[in-house]
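Asker: Provided below for reference: sequence and predicted model.
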There are 2 protein chains.
Amino acid sequence: MKVWNFNPGPAKLPEPVLLQIQQELLDFQGTGISILETSHRSVAFDKILFGAEENIRQLLKFTSDECQIIFMQGGANMQFFMAPLNLAVPGKPFVYHDTGYWSQKAIAAAKEIGEVWRIKTFENGRFDLDPEYETMQKYLKAAYEHITSNETIDGKRWRYLFDGRFTPPIVVDMSSDFLSRYFRVQQCGLVYAGAQKNLGIAGVTVVIIRNDMLKRNGLHPDKFHCYRTHLGSRYNTPPVVAIYVLKLMTDWILAQGLDNIQDANYQKAKRLYDYIDGSGLYENNVHEDVRSVMNVVFLLKEGYEELVNDLLEHFEDHGLIGLKGHRSVGGFRASLYNAMPIDGVRALVEAMKEFERTH
Amino acid sequence: MKVWNFNPGPAKLPEPVLLQIQQELLDFQGTGISILETSHRSVAFDKILFGAEENIRQLLKFTSDECQIIFMQGGANMQFFMAPLNLAVPGKPFVYHDTGYWSQKAIAAAKEIGEVWRIKTFENGRFDLDPEYETMQKYLKAAYEHITSNETIDGKRWRYLFDGRFTPPIVVDMSSDFLSRYFRVQQCGLVYAGAQKNLGIAGVTVVIIRNDMLKRNGLHPDKFHCYRTHLGSRYNTPPVVAIYVLKLMTDWILAQGLDNIQDANYQKAKRLYDYIDGSGLYENNVHEDVRSVMNVVFLLKEGYEELVNDLLEHFEDHGLIGLKGHRSVGGFRASLYNAMPIDGVRALVEAMKEFERTH
């Protein structure tokens, strides 16, 4: 039975990428050794590292005169700590948009470092900042403004990214939608993204930092937690295999074209939302303006809640896995990252229809 | 041509482990998905994580009533920061044994956190502490005593580990010899080891912390840098693939038997040291008492230094890679981790002999 993997991350990878990894696993490109045995100081790894960087620069159209790419360990959680530590400005608060679970984690970490000014965003279901004058004044005084571009658990996202409405530098947690759509990275002071959604396997985090932000001394972090220390991505032994998979994933995205990926992602999500909206059994309560394209959350309508486990079992019987909602919100979640083809969404919708017919 | 990989890490893996990874890469044990796509919240990963922990406990003969195992990211460098932050005791200095390159890195990081009392160890080529009374007094007052059990770059190691001579809790960086020999982990307050030497691929660090050390509040670290936060190894998305390889590596060590591994490692190193000591071309200046079993460093004798590049080329021509010494010390280094068979050492010695004959 064909298995469709809707896990929120680690998540589905494209078959050609998996096949290539398998094929070259015992002998990496004629070196006589496996990529799993390859030194981070080798010529073979140089090519992978520089190739991955070049792919990202090409996809997002920026140069090293503008921003630097760093591959780090520690996930978004370490960035929640490092961003305020490195980018603090004496006397200025951090502005954080509270849009759900992950931004709240970022806020909690930033509060351990300094003063956080929290803005409840998306609270009325839609995105409309239109801040009052007083608010704007506070913005102007911020060290930076933090955004979670896609809330994996809440199924919400910032539809328009970085369109010039922001005054201070913006810091963006893009863990779950980085390279799922184009954005102007030059308009961000700092972007970070764990790899386990659209970029391969867990264990590496892409950090893109604008050159002017690199100059900030923040709260004078210890050497290990200073961004400048990690320029070149080899201060400590980098996760070679995770960066190798990231290189292959960005090769694959380049081959598809980021525009096409973006369109396909939109089509996949639309198909699922359209079906849910017209259904008598399922519902999604997120306003259209902020609905996530990566993570579609849905619930069983009032009166049908006791069918949750039956539905999960039904999905498993159809080879549809990873659809259980996060424990903090319950319900269901279908993660539709780049590697999920429209066929997977079709299979999901068919199974949902069948369940609706028979219950 | 057979390639023998003497890199210091990432390093050689056993062939059966690589074959198993390749065989199950597209379908992990009947799940229909790759281990590269497997969620850290899945039953499949539960088995890997608990299995890896169980293997380590079995190899080192301890229970969770004594010590906890945590799999973390960030390498030894992050532990250089976390150990003093978490284990500080008000008014007490940290005692660090300075035995070479890596202990000096640990010292530099600890100095950013608090007062470090540095002991030059191995300085006279041999290990003999015999501290004066005054020294002992300082020991008694230390928050902990830090040891680098094997100095990868300097080719030195602590021959007798943790034999009761230490008064304060000991903290051990075992990155390059963890699970290459048995030691009593219960006698250590904290042990940490990056995986890329004897435990698989880069990107995961094994931390073993004794239960009494877990209770220390240190300098009240932020949540992310507190050891207690990471109990269970899933506070942030763990590096699933690196932990999977670590599970296979510890399966393999268990199958060999740690005693046999330890004997084999000793035999491999002895063969190489014996040849070097009897040679007219090569030399190793480390006293026998502290010679590393994992990393054998050697130089060309006085008068032959200009042959360095010729020798490296000669090695490459014979499929012997990763033998260049660290840039800070020059010369050569052969890393003989668990996965290197005696045949690899034979091949190296043969090539060294041939070069000696012809130059």
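Answerer: Yep, it's here.

Asker: now the helices: where do they sit in the stretch 1-150 of chain A?
Answerer: A:15-23, A:43-60, A:75-87, A:101-111, A:133-140 (DSSP state H, counting those that start in this stretch).

Asker: now check the second one, is it near chain B?
Answerer: No - under the criterion of Cβ under 8 Å from any Cβ of the partner chain, chain B is not reached by helix A:43-60; the shortest gap measures 8.7 Å. All C-beta spots, glycine's among them, are computed from the backbone N, C-alpha and C.

Asker: cool, and the third one?
Answerer: Yes - counting by Cβ under 8 Å from any Cβ, chain B has neighbours in helix A:75-87: A:75-78, A:80-81.

Asker: center of chain A - which residue?
Answerer: Compute the mean C-alpha point of chain A, and by Cα atoms, centre = their mean the closest residue is residue A:176, 1.8 Å away.

Asker: SS state for that one?
Answerer: Using DSSP: H, G, I helix; E, B strand; the rest coil, the structure places residue A:176 in coil.

Asker: got the contact list for residue A:277?
Answerer: By Cβ atoms under 8 Å, 6 or more residues apart in numbering or on different chains, the contact list for residue A:277 reads residue A:284.

Asker: Weed out the non-buried ones from the residues of helix A:75-87 next to chain B.
Answerer: A:75-78, A:80-81 (16 or more other Cβ atoms under 10 Å in any protein chain shown).

Asker: How about residue A:189: what's its closest non-neighbour residue?
Answerer: Closest residue to residue A:189 apart from its sequence neighbours, by Cβ to Cβ, 6 or more residues apart in numbering or on different chains: residue A:169 at 3.0 Å.

Asker: With chain B as the reference, measure out to the one you found.
Answerer: 22 Å (Cβ to the nearest Cβ, to the nearest Å).

Asker: Get me the contact residues on the stretch 101-250 of chain A for chain B.
Answerer: Counting by Cβ under 8 Å from any Cβ, the stretch 101-250 of chain A sits next to chain B at A:108-109, A:112-113, A:194, A:196, A:200-204, A:222-225, A:235-242, A:245.

Asker: One more pass at 7 Å, please.
Answerer: Residues of the stretch 101-250 of chain A that fall close to chain B, judged by Cβ under 7 Å from any Cβ of the partner chain: A:109, A:112, A:194, A:196, A:201-203, A:222-224, A:236-242, A:245.

Asker: Of these, which belong to helices?
Answerer: Members of these lying in helices (criterion: DSSP state H): A:109, A:240-242, A:245.

Asker: Might you report the residue contacts of the nearest residue to residue A:155 once chain neighbours are set aside?
Answerer: Excluding the flanking residues, the one nearest residue A:155 by Cβ to Cβ, 6+ apart is residue A:297, at 3.5 Å. Listed by Cβ atoms under 7 Å, 6 or more residues apart in numbering or on different chains, the contact partners of residue A:297 are A:155, A:284, A:325, A:331-333.

Asker: doesn't residue A:5 make contact with residue A:344?
Answerer: No - in this structure residue A:344 lies outside contact range of residue A:5 using Cβ atoms under 7 Å: 8.2 Å.

Asker: Compare neighbour counts for those two and give me the winner.
Answerer: residue A:5 (25 against 20; other Cβ atoms under 10 Å in any protein chain shown).

Asker: Could you measure from the more buried one over to residue A:183?
Answerer: Noted for residue A:5: a distance of 26 Å to residue A:183, by Cβ to Cβ, to the nearest Å.

Asker: What of residue A:206?
Answerer: 13 Å.

Asker: With neighbour numbers in mind, choose between these two.
Answerer: Neighbours per residue, other Cβ under 10 Å: of residue A:206 and residue A:183, the larger number sits with residue A:206, 25 against 21.

Asker: That one falls within a helix, correct?
Answerer: No - looking at residue A:206 with three-state DSSP, it is strand, so not inside a helix.

Asker: Mind listing the residues bridging to it?
Answerer: residue A:71, residue A:193 (DSSP bridges).

Asker: that older thread, would you write a ChimeraX line that selects the buried entries of the ones in helices among the residues of the stretch 101-250 of chain A next to chain B?
Answerer: To isolate the buried ones among those in ChimeraX, judged by 16+ other Cβ under 10 Å, type:
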select /A:109,240,241,242,245
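
Asker: what would the ones in helices among the residues of the stretch 101-250 of chain A next to chain B look like in JSON lines with distance to residue A:71 and pLDDT?
Answerer: Converted to JSON lines, those look like this (distance: Cβ to Cβ, whole Å; pLDDT from 0 to 100):
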{"residue": "A:109", "distance to residue A:71": "21", "pLDDT": "98"}
{"residue": "A:240", "distance to residue A:71": "10", "pLDDT": "98"}
{"residue": "A:241", "distance to residue A:71": "12", "pLDDT": "98"}
{"residue": "A:242", "distance to residue A:71": "8", "pLDDT": "98"}
{"residue": "A:245", "distance to residue A:71": "12", "pLDDT": "98"}
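
Asker: of the buried ones among the residues of helix A:75-87 next to chain B, closest to residue A:275?
Answerer: Residue A:275 has its nearest neighbour among these in residue A:76, at 31.1 Å by Cβ to Cβ.

Asker: ok, and the closest non-adjacent residue to the closest one?
Answerer: residue A:175 is the one closest to residue A:76 (Cβ to Cβ, 6+ apart), at 4.9 Å.

Asker: Now for the one you found: which residues touch it?
Answerer: A:76, A:193-194, A:197.

Asker: Mind putting those into TSV with distance to residue A:87 and pLDDT?
Answerer: Shown next, in TSV, are the contacts of residue A:175 (distance: Cβ to Cβ, whole Å; pLDDT from 0 to 100):
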residue	distance to residue A:87	pLDDT
A:76	16	97
A:193	17	98
A:194	19	96
A:197	24	97
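
Asker: neighbour-wise, which of the residues you listed leads?
Answerer: In the contacts of residue A:175, the most neighbours by other Cβ under 10 Å go to residue A:197, 29 neighbours.

Asker: What count of nearby residues applies to the closest residue to it other than its chain neighbours?
Answerer: Counting by Cβ to Cβ, 6+ apart, residue A:9 is the residue found nearest to residue A:197 once chain neighbours are left out, at 4.4 Å. As a burial measure, residue A:9 scores 25 neighbours (other Cβ under 10 Å).

Asker: between the residues of helix A:75-87 next to chain B, which is nearest residue A:259?
Answerer: Checking the residues of helix A:75-87 next to chain B one by one against residue A:259 (Cβ to Cβ), the nearest turns out to be residue A:76, at 26.5 Å.

Asker: Quick check, that closest one in contact with residue A:171.
Answerer: No - using Cβ under 7 Å, residue A:76 is not in contact with residue A:171, being 11.5 Å away.

Asker: on that earlier part again, so the residue nearest to the centre of chain A touches residue A:155, yeah?
Answerer: No - using Cβ under 7 Å, residue A:176 makes no contact with residue A:155, being 10.5 Å away.

Asker: Could you name every residue contacting both of the two?
Answerer: residue A:295.

Asker: so how far is residue A:228 from residue A:161?
Answerer: Distance from residue A:161 to residue A:228, by Cβ to Cβ: 27 Å.

Asker: between the two, which one's more packed in?
Answerer: residue A:161 (19 against 16).

Asker: Surely that one touches residue A:183?
Answerer: Yes - using Cβ under 7 Å, residue A:161 is in contact with residue A:183, at 4.4 Å.

Asker: so who does the closest residue to residue A:241 other than its chain neighbours touch?
Answerer: Nearest residue to residue A:241 in three dimensions, chain neighbours excluded: residue B:201, at 5.0 Å (Cβ to Cβ, 6+ apart). Residue B:201 sits next to A:36, A:240-241, B:10, B:195, B:242, B:245 when contact means Cβ under 7 Å, 6+ apart.

Asker: What pLDDT is listed against the residue nearest to residue A:76?
Answerer: Note on residue A:175: pLDDT of 96.
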